[in-house]
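Quick check, what structure comes out for this input:
(chains A, B, C and D, ligands or ions: 2)
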Amino acid sequence: MPRVEKEYDDIPGTFVFDQERSRRGYGINMFCMSLMKAENRKAFKDNEAEYLKKFPLTPEQTEAILKRDYNRMLELGGNIYFTAKLGATDGHSFQHLAAVMTGSTQEGYAKMMLGGGRPIEGNRSKSGKHERKSKPAAKAKGRKKAGSKRG
Amino acid sequence: MPRVEKEYDDIPGTFVFDQERSRRGYGINMFCMSLMKAENRKAFKDNEAEYLKKFPLTPEQTEAILKRDYNRMLELGGNIYFTAKLGATDGHSFQHLAAVMTGSTQEGYAKMMLGGGRPIEGNRSKSGKHERKSKPAAKAKGRKKAGSKRG
Amino acid sequence: MAKIIAGVTSSHVPAIGAAIDNHKTEEPYWKRVFSGFEKSKEWFAKTKPDVVIGVYNDHASAFSVEIVPTFALGCAAEFPPADEGWGPRPVPVVKGHPDLAAHIAQSVILDEFDLTVINKMEVDHGLTVPMNLVMGDPNGAWPCPVIPLAVNVVLFPPPTTHRCFMLGRAIKKAVESYPEDLRVVIFGTGGMSHQISGPRAGLINSKFDKAFLDDLVKNPKKLTKIKHVDLMREAGAEGIELVMWLIMRGALDDKVDEVYRFYTVPASNTAVGHVILENKSRKSGGKAKKAPKKAGKKKK
Amino acid sequence: MAKIIAGVTSSHVPAIGAAIDNHKTEEPYWKRVFSGFEKSKEWFAKTKPDVVIGVYNDHASAFSVEIVPTFALGCAAEFPPADEGWGPRPVPVVKGHPDLAAHIAQSVILDEFDLTVINKMEVDHGLTVPMNLVMGDPNGAWPCPVIPLAVNVVLFPPPTTHRCFMLGRAIKKAVESYPEDLRVVIFGTGGMSHQISGPRAGLINSKFDKAFLDDLVKNPKKLTKIKHVDLMREAGAEGIELVMWLIMRGALDDKVDEVYRFYTVPASNTAVGHVILENKSRKSGGKAKKAPKKAGKKKK
Ligand SMILES: [Fe+3]
Ligand SMILES: [Fe+3]
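Ligands and ions are numbered 1, 2, ... in the order given. Below is the predicted model of the structure:
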């Protein structure tokens, strides 16, 4: 069955993890779960490509994992709570992953957060139909609209 | 906390598997679940007492399992859907277990079932307060009141 | 749009599975039981549903006491038969319907049923025995996808009969909002009166069973008032499996045609009850040409 | 009889756990966050609840996509910290309260909540970070038993805010029917606005958060009308964790005293919101001498 458009598809820069995505990303997410054991983390780090063969992954999914392309993992059915375990295995924080996914440097991202985070104005909907009639989006440095790089 | 009496405690010859029983019988039931694998069934049959050491069982529970005392297993927190796997491991049917639990021979029990089963009259409650004012319990051979031997 | 066209109830005694698997269906004891399902197989072959929703209970096969979901909907692509202690039943893997299952899960959760979504599960005799009885010899592959809905009746308390009926209603609504023409049959399994545990094992209350069958067809709301303790008292400790029949009934229209009924005692420890109920409105839904085609509607 | 005397909400950012575990709480960035919980620790030490019910969400630690319960109540005696990819947090094992948990499970299932009963589970930062923030340094053992209630917010759809509020109501009723004098505090964790995934990561909507806090205290029924899509749009994809706060609120009286509030941005990717609400009726329940002793009532 073709994907039926969902109301939440209009939220910019966001992949809502529904069952359709869950099914597609089963291999990515089960791989990430496996990293909850130290011996598996070691086996993965020792030979990443070999370790990934144990999971039902498409070539695109394997490539996204090997390249640590976190947005691509989400597109291919990964979920952040799962992929964060890959980040942890690499010794990275959630904030590092967030910076990567927004196309920022970790420093730039951290600065945006300290400045109050990404503003909601201008980031409510792709269609624009959910924007309020309040003042336009702030233009402060580092506070950018989502999806400017991808998605 | 002492056990709070339940309405269903008044049903004769019956162990309702509530969380209190489930907690008590955790080891029995997890042991029985382990018998869902052929290699575990073999390991158990090879050395029953040794195999049982892998599970958190009291001496009474271990003894009930070794003796195949199915009513005692229920008293100690086992549940029939779990203990049936021990029966299956021994090559026994549910009907065999039922016969054992009612203190009948399998033949006698099967005959009772062919005769229409254990009657409801006289078997509704220990207190008697749930019996209907219909005709008294049938006295046909093999159709006996529950709990005449134990419970 | 999809539509539930009929409901089937059947007991799911493991010994029936053993009789099938060991080719004993022609023995007099078993022939009495199996002959009651001849017409059902014909009905199923004629009805040819696109999907079956199989309401059953797991018997400590997929779920131990470590995790006990009240309602668990199987959304996976397939469900292998479980090894219940004597090796897996020699029946085909049950194929699911992930799209419809996911749709039902989403719909009933938003309708405030606290479903557990399952993407990996083995299924036991509770599901596969009624499939044998109603679908016949699968001969390599079951005739249609089956979405398993596992209901807790092992750890007390199971869901109430009322809650089960209301879940049936929510499933009906979910199916009817699925944008593809599918004719769906729902099975409610387990029961009828039986107790397989303890000194009261072997209890059979045929009077209760027959009244239950009558009410199930004509007055199901009456059954939504039965308390668990009364079900266990009257129908046996494991007779409480009957709550699941209310899910099937809730998923049908208020008024149904009873197209078949069979009742016999015993199969092993259990009274076997079986009815087939068709929605009166069945002809207006499903593949009927007059239903407007709404599938695939989407924005550019 | 037992009684819920207060409710606490708090975000449960993993980085807060890392800051604690790595002794960074005195660094300026983190001091801003932790200083907001000084008063909370004093409040907790003074309040000394007998049991905490910890509403949180599992972050793909105990539950993968294989099995996803909407509401899972932890009835075990203990819950070890999970290894989320960097080794388990160096915090004590969480001790449960199996008797009260079993009582709540039975009560809410009979009240038609379709709970999943859990007897084995590891708990992640979602539960243990708020415990650190509010209970303080456990120093070898947590100060009281905690019953974990894990809510699905990972696989869409989570339960609705309305359903969560109603579950809170049912938990209140369950606790109040428990025949032992226990003073219970309920935590609702997760939120506030945050998105940690995809190109919109870093979203913060403080205006929304503050209005949410106000409504949570004074007009929670308004929050029971928010749709998931609007929560995700306004508070970020993972801001949907806020649904859990409604369980806490539903378990309290209609009118509550707000005894403390703290709000700061950011902790890592997230807005941190925290309130402590006390039932106005708190003094009449629990260990107060005037409450009639009803525990242990049983037939001979
Ligand atoms: Fe059954
Ligand atoms: Fe979280």
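
The closest residue to residue C:90 other than its chain neighbours and residue C:87: what is the separation?
In space, and not counting its chain neighbours, residue C:90 is closest to residue C:21: 5.7 Å by Cβ to Cβ, 6 or more residues apart in numbering or on different chains. (Each C-beta comes from the backbone N, C-alpha and C, glycine too.) With the distance defined as Cβ to Cβ, to the nearest Å, residue C:21 ends up 10 Å from residue C:87.

same check, this time on residue C:237
Separation of residue C:237 from residue C:87 (Cβ to Cβ) stands at 27 Å.

Can you report how many residues lie near the residue in chain A positioned nearest to chain C?
Chain C sits closest to residue A:19 of chain A, with a gap of 3.7 Å, by Cβ to the nearest Cβ. Residues within reach of residue A:19, counting by other Cβ atoms under 10 Å in any protein chain shown, total 22.

now do residue C:270
Residues within reach of residue C:270, counting by other Cβ under 10 Å, total 33.

and it, what are its bridge partners?
Here residue C:270 sits in beta bridges with residue C:194, residue C:267, going by DSSP bridges.

just the helices in chain A please.
Here chain A has its helices, by DSSP state H, at A:19-24, A:26-34, A:38-46, A:48-52, A:59-66, A:70-75, A:80-89, A:94-101, A:106-114.

typo on my end, it should be chain C
Shown for chain C, the helices assigned by DSSP H span residues C:14-21, C:28-34, C:38-47, C:98-110, C:125-135, C:161-176, C:206-218, C:220-223, C:228-235, C:243-250.

taking these together, which one is wrapped up most tightly?
Ranked by mean neighbour count, these are led by helix C:243-250 with a mean of 29 (mean count of other Cβ atoms under 10 Å in any protein chain shown).

show me what contacts the residue in chain C that chain A sits nearest to?
Across chain C, no residue is closer to chain A than residue C:102, which sits at 3.7 Å (Cβ to the nearest Cβ). By Cβ atoms under 8 Å, 6 or more residues apart in numbering or on different chains, the contact list for residue C:102 reads A:18, A:19, A:20, A:23, C:75.

For the residue of chain A closest to chain C, give its distance to chain D.
Distance check for residue A:19 against chain D: by Cβ to the nearest Cβ, to the nearest Å, it reads 7 Å.

Equivalent analysis for residue C:90, please.
Note on residue C:90: its distance to chain D, by Cβ to the nearest Cβ, is 26 Å.

confidence score at that residue?
Note for residue C:90: predicted pLDDT of 97.

returning to what we had before: mean pLDDT added to the helices of chain C, as CSV?
Shown next, in CSV, are the helices of chain C (pLDDT from 0 to 100):
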stretch, mean pLDDT
helix C:14-21, 95
helix C:28-34, 96
helix C:38-47, 98
helix C:98-110, 98
helix C:125-135, 98
helix C:161-176, 98
helix C:206-218, 98
helix C:220-223, 98
helix C:228-235, 98
helix C:243-250, 98
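
Tell me the residues on chain A that lie near chain C, please.
Contact residues (Cβ under 8 Å from any Cβ of the partner chain) of chain A with chain C: A:1, A:2, A:3, A:4, A:5, A:18, A:19, A:20, A:22, A:23, A:26.

I'd like to know which of the residues you listed are buried.
A:4, A:18, A:19, A:20, A:22, A:23, A:26 (16 or more other Cβ atoms under 10 Å in any protein chain shown).

Residue C:54 reaches residue C:148, doesn't it?
Yes - the criterion here is Cβ atoms under 8 Å, and residue C:54 meets it with residue C:148 at 5.1 Å.
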